[in-house]
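J.: Provide a 3D model corresponding to the input given below.
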Amino acid sequence: MTTNQDGAMNDETRLDRDPPSFPSVDDSPSKAAIAPASSAPLFTSPGAVAVGAEKSAVTSRPLDPTPSKGGGRLRWLVAGAATLIVILVVGGVLFLAAPRAGAASATAHYVPADTGMYAEFRLDLPGDQHDALAAFMNHFPGFADQAAFQQKLDESLNSVLNNKTNGAVDWNNDVKPWFGGQVAVFGNPSTTQFGSGASPNYPAGPPDPEGVVAFTVSDKTKLQSVIDANLGNSLVNGLNYQGVEIETVAQPGGTSRSFSYVITDDALLVSPDIDLLKQALDVRAGQNPTLADDTFFTQQLAALHADRLATVYFDGSKHLAAMPLPSDMPLPASCTQIANTMVGVKYVGEVTAQNDHLAFTVRSQFPSGDGAPPAPSNKQTTLAQAMPADTMAYFETRNAGANLDLLIKNLLDCAQTGPSQAGPLPSGLGGLGDTSQLFVQFLGAKPDQYLDFIDDAAVGVTYANDKVGGGIVVTVDDQAVATQRVSKLLALIKMLGSFGGQSAGAQISTEEIDHKGTKVSVIHVVSPDAGSSPLTLQVAVADGRLYLGLDDFVTSALDRSTSDSLASSARYQKAIASAPADNAGIIYVDVAAAANAYESNVPADKKQDFDANKKPFIDPLSSFSLVSHVDGGIMVRNGFLFVE
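T.: Down below sits the predicted model:
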């Protein structure tokens, strides 16, 4: 990666190259999203679907036995169309969109209210998203001419669909004439049981995903004509349900598993399971509750942008319920309670495009109940001022000490009632008394209270001269307590070092230095491995902060001026500028610096391929940030991926 002195990308990386070559339907992992390949099919419904007479009438119709070109193009039509939801020019930029804020889209009205996952995408790029995405993509090879963006987009879509030599689908002729612009995927996780081993017991291989893929339809007649023209010699069973025809398609001779589809007034629904299509139709008919009327879902939609590239809904409790513990590792409720509390919440998110970045927003319920940590406070800190300007990755969080103490408490409670079911751990070790009191004697507090003096915390990582560096800076609410506990910990380390100077085979020594009136403790660790470099750690408590870092991180942080810090970095300031200044946490990655570090370590035999096929698409990337804040009872996370 080459940059000028101002950090801007060198124009030589902005050549208008051909668009990237997208994965073929046959080789891409994304083919598992909807339709099967003839050799490795996805859909797992029985090949011949038996249906009863309830609310239905079944017809079986053999089609023209003469195979059409490609022998089963309908499968590839569906597979190719579904692949649209995963196209991106560089490793993941999706061409997606959604409805107006606060109102659920057409496809959401087919989704059961208790679904575990729903994602909706539109390729028609509503409102300002077409021009904004064109400006964003302008930074990548093949998209330098913004005026030709739509042409490039159509060419990219067509290259995806035509990347299958047998049964390729043409975007302009087979999809675009009927496609309404929106794709949605929804369903629940499989409830796979675990065996007695450490891994799931899959006697017939991992289960296929269960769900429905929905495409909005602008012209039913054209869609039906495309389907009829591409069914070839597939076997089709028809089932009339809710006044529409559900078609189940299977290849003759059992060469491919079946899938079912139904065309309604506004959508094409496809699924490996005909029962899921029935459920979707029942929901659309108002016979069962729909996600489109879910209060949490619609309230979060109202807080998102009217025009966006993607909308996602996720219910963590559904996925937890689908992941039972291994039968040979039972855990009491006290061990899983915190995980259930923290993960089992609902999320609604979006992706939008701006001229120089993609923006990601996720709104989620805040965990509540027994074992849940308190909501963090929105505020500003000066911790980034302690980090060097070239910090490659930075993480800042609130209530760090309380959250770590809570985690330690849960781990200890779990250990005392662990999977062996042998009962609590013994209260004494060899007559030494209560182990928690022993911890207090050596370190000054119980394990689950040891870090209660910590408030906010920040971690920074650097990479320079082929060496990783960095450290931790935390604010303390009682400097005397912090000094006492750190001193006890250092005394314990010094004692371990005094026992022959070795611990776990490593040589440990300590010293104290005076740095402009501040006592800095230095720990030296020398590994017996001849190929390992010595490790040096510095620790200090000063000015209401605790510093811990590699090499000279602490002394440098004590001397650092704001103008020489991460807080004054133009790239960092830009990365967090669009998020609230008062926040509950920050994650920042200097993607350009990380890319340079990665490039410097690319093996020589892979350098040519990297320079030709990866570097042009990595070079435009500048930074990624994720800033959290609390909005009432909702946790909001705003992410930004910048290019330059």
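
J.: Could you check which helix or strand contains the residue nearest to S578 when sequence neighbours are not counted?
T.: With Cβ to Cβ, 6 or more residues apart in numbering as the criterion, S578 has its nearest non-adjacent residue at 6.2 Å, and that residue is F640. C-beta: built from backbone N, CA, C; applies to glycine. For F640, the host element (DSSP states H and E) is strand 634-643.

J.: Identify the residues contacting that strand?
T.: Under the criterion Cβ atoms under 8 Å, 6 or more residues apart in numbering, residues 136, 139-140, 300, 356-366, 375, 574-576, 578-580, 584, 591, 620-630 lie in contact with strand 634-643.

J.: how about a cut-off of 7 Å?
T.: 136, 139, 356-366, 574-575, 578-579, 620-629 (Cβ atoms under 7 Å, 6 or more residues apart in numbering).

J.: Counting only strands, which of those residues make the cut?
T.: Of these, the ones assigned to strands by DSSP state E are 357-365, 621-629.

J.: returning to that earlier point: buried subset of the contacts of strand 634-643?
T.: 136, 139, 356-366, 574-575, 579, 620-629 (16 or more other Cβ atoms under 10 Å).

J.: got the phi/psi numbers for A593?
T.: Backbone geometry at A593, expressed as degrees, to the nearest 10, gives phi -70, psi -40.

J.: Would you agree it is in contact with A393?
T.: No. Taking contacts as Cβ atoms under 7 Å, A593 lies outside contact range of A393: 8.8 Å.

J.: Among the two, which residue is more densely surrounded?
T.: Each of A593 and A393 has its neighbours counted (other Cβ atoms under 10 Å); A593 has more, 21 against 18.

J.: Name the nearest residue to the more buried one, ignoring sequence neighbours.
T.: M392 (4.6 Å).

J.: G470 now?
T.: V461 (4.1 Å).

J.: Near V526, how many residues? Count them for me, please.
T.: So V526, with other Cβ under 10 Å, has 16 neighbours.

J.: now L496
T.: 15.

J.: Which strand or helix spans it?
T.: L496 belongs to helix 479-498, assigned by DSSP H and E.

J.: what distance separates that helix from the centre of its chain?
T.: 39 Å (Cα atoms, centre = their mean, to the nearest Å).

J.: for A292, what are its contacts?
T.: Here A292 is in contact with A104, A108, H109, V111 (criterion: Cβ under 7 Å, 6+ apart).

J.: Confirm it sits in a helix?
T.: Yes. Remark: A292 belongs to a helix, assigned using DSSP: H, G, I helix; E, B strand; the rest coil.

J.: So, low pLDDT: which residues of the stretch 451-600 of the chain?
T.: Counting by pLDDT under 70, the stretch 451-600 of the chain has low-confidence residues at 497-505, 530-531.

J.: Now do the helices in it.
T.: Here the stretch 451-600 of the chain has its helices, by DSSP state H, counting those that start in this stretch, at 479-498, 553-559, 570-576, 591-599.

J.: buried sites along the first one?
T.: Of the residues in helix 479-498, those buried under the neighbour-count criterion (16+ other Cβ under 10 Å) are Q479, A482, T483, Q484, R485, V486, K488, L489, I493, K494, G497.

J.: From those residues, pick the one nearest A119.
T.: Here the nearest of the buried residues of helix 479-498 to A119, counting by Cβ to Cβ, is A482; it sits at 45.5 Å.

J.: How much space separates that closest one from A384?
T.: 21 Å (Cβ to Cβ, to the nearest Å).

J.: Same check on P534?
T.: 29 Å.

J.: Residues touching the helix holding L496, excluding its own?
T.: Residues contacting helix 479-498 (Cβ under 7 Å, 6+ apart): 442-445, 450, 453, 476, 503, 508-510, 521, 523, 539, 541, 544, 546.

J.: of these, buried ones?
T.: Buried among the contacts of helix 479-498 by 16+ other Cβ under 10 Å: 443-445, 450, 453, 476, 508, 510, 521, 523, 539, 541, 546.

J.: would you turn the helices of the stretch 451-600 of the chain into a markdown table with distance to G127?
T.: As requested, those are exported to a markdown table (distance: least, Cβ to Cβ, whole Å):
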| stretch | distance to G127 |
| --- | --- |
| helix 479-498 | 51 |
| helix 553-559 | 45 |
| helix 570-576 | 24 |
| helix 591-599 | 27 |
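
J.: nearest to S527, of those helices?
T.: Among the helices of the stretch 451-600 of the chain, helix 479-498 sits nearest to S527 (Cβ to Cβ), with 14.1 Å.

J.: Strands along the stretch 51-200 of the chain, start to end?
T.: 56-62, 117-122, 179-187 (DSSP state E, counting those that start in this stretch).

J.: For Y463, which residues are in contact?
T.: Contacts of Y463 (Cβ under 7 Å, 6+ apart): M392, A597.

J.: partner residues bridging it?
T.: When bridges are called by DSSP bridges, Y463 pairs up with V468.

J.: Distance of it relative to L550?
T.: Counting by Cβ to Cβ - Y463 and L550 are separated by 12 Å.

J.: Also F215?
T.: Separation of F215 from L550 (Cβ to Cβ): 53 Å.

J.: out of the two, which sits in the busier spot?
T.: F215 (26 against 17).

J.: D543 versus that one, what's the distance?
T.: In terms of Cβ to Cβ, F215 sits 60 Å off from D543.

J.: just F259 next, same as before
T.: In terms of Cβ to Cβ, F259 sits 65 Å off from D543.

J.: And the two? Which one has more around it.
T.: F259 (29 against 11).

J.: For the more buried one, name its beta-bridge partners.
T.: V249.

J.: Check the one 10 residues further on too.
T.: On DSSP bridges, the residues paired with L269 through beta bridges are A214, V262.

J.: Contacts only, for it.
T.: Contacts of L269 (Cβ under 7 Å, 6+ apart): Y110, V212, A214, Y261, V262, L277, A280.

J.: farthest pair in those?
T.: Farthest pair in the contacts of L269, by Cβ to Cβ: Y110 and Y261, 13.1 Å.

J.: more neighbours, those two?
T.: With neighbours defined as other Cβ under 10 Å, Y110 and Y261 compare such that Y110 has more, 27 against 21.
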